[in-house]
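Enquirer: What follows is a predicted structure for the sequence shown.
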Amino acid sequence: MVYVAALVPEEGQNVSDVNAAMPTTGVERAFQLSPDGFLSLQLEGINEHFAQDVSPSERKVIFASQGTWALSATQGLFIESFFYCVKHGFNFFL
């Protein structure tokens, strides 16, 4: 599954400008960084922000089978865009 949210700033705006007035969703606190530098979504994040409309048993499968991704692969513009989207409630899952 791939879900992409897009923003189209007006001329003279950037993504930060567009999202500045929006509250955060809390999902940014649900990511966990492993000691070896990989990110994953904690079960709480799966339950509350990612798959809240599926059964508890399906959420456990999603949690257990999610792929982790290296924090080092998210440096620069990508990481800024990713965490900005997450912080402001825009789903950005790869």
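Expert: Right, received. Where do you want to start? Numbers count the residues shown, from 1 in each chain.
Enquirer: Start and end of stretch 35-51, how far apart?
Expert: Chord length of stretch 35-51, first to last residue, is 26 Å (CA to CA, to the nearest Å).
Enquirer: Can you tell me what sits against it?
Expert: 25-27, 30-34, 56, 58-60, 62-63, 66, 68-72, 74, 91, 93 (CB atoms under 8 Å, 6 or more residues apart in numbering). Bear in mind the C-beta positions are built from the backbone N, C-alpha and C, glycine included.
Enquirer: Now do the buried residues in it.
Expert: By neighbour count on 16 or more other CB atoms under 10 Å, the buried set for stretch 35-51 is 40-41, 45-47, 49-51.
Enquirer: before we move on, back to that, keep only those of the contacts of stretch 35-51 that are in strands.
Expert: 31-33, 69-70, 93 (DSSP state E).
Enquirer: could I get these as JSON lines with neighbour count, distance to Ala20 and pLDDT?
Expert: Formatted as JSON lines, the ones in strands among the contacts of stretch 35-51 follow (neighbours: other CB atoms under 10 Å; distance: CB to CB, whole Å; pLDDT from 0 to 100):
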{"residue": "Phe31", "neighbour count": "14", "distance to Ala20": "22", "pLDDT": "86"}
{"residue": "Gln32", "neighbour count": "14", "distance to Ala20": "27", "pLDDT": "88"}
{"residue": "Leu33", "neighbour count": "11", "distance to Ala20": "26", "pLDDT": "87"}
{"residue": "Trp69", "neighbour count": "15", "distance to Ala20": "27", "pLDDT": "80"}
{"residue": "Ala70", "neighbour count": "12", "distance to Ala20": "29", "pLDDT": "79"}
{"residue": "Phe93", "neighbour count": "15", "distance to Ala20": "23", "pLDDT": "52"}
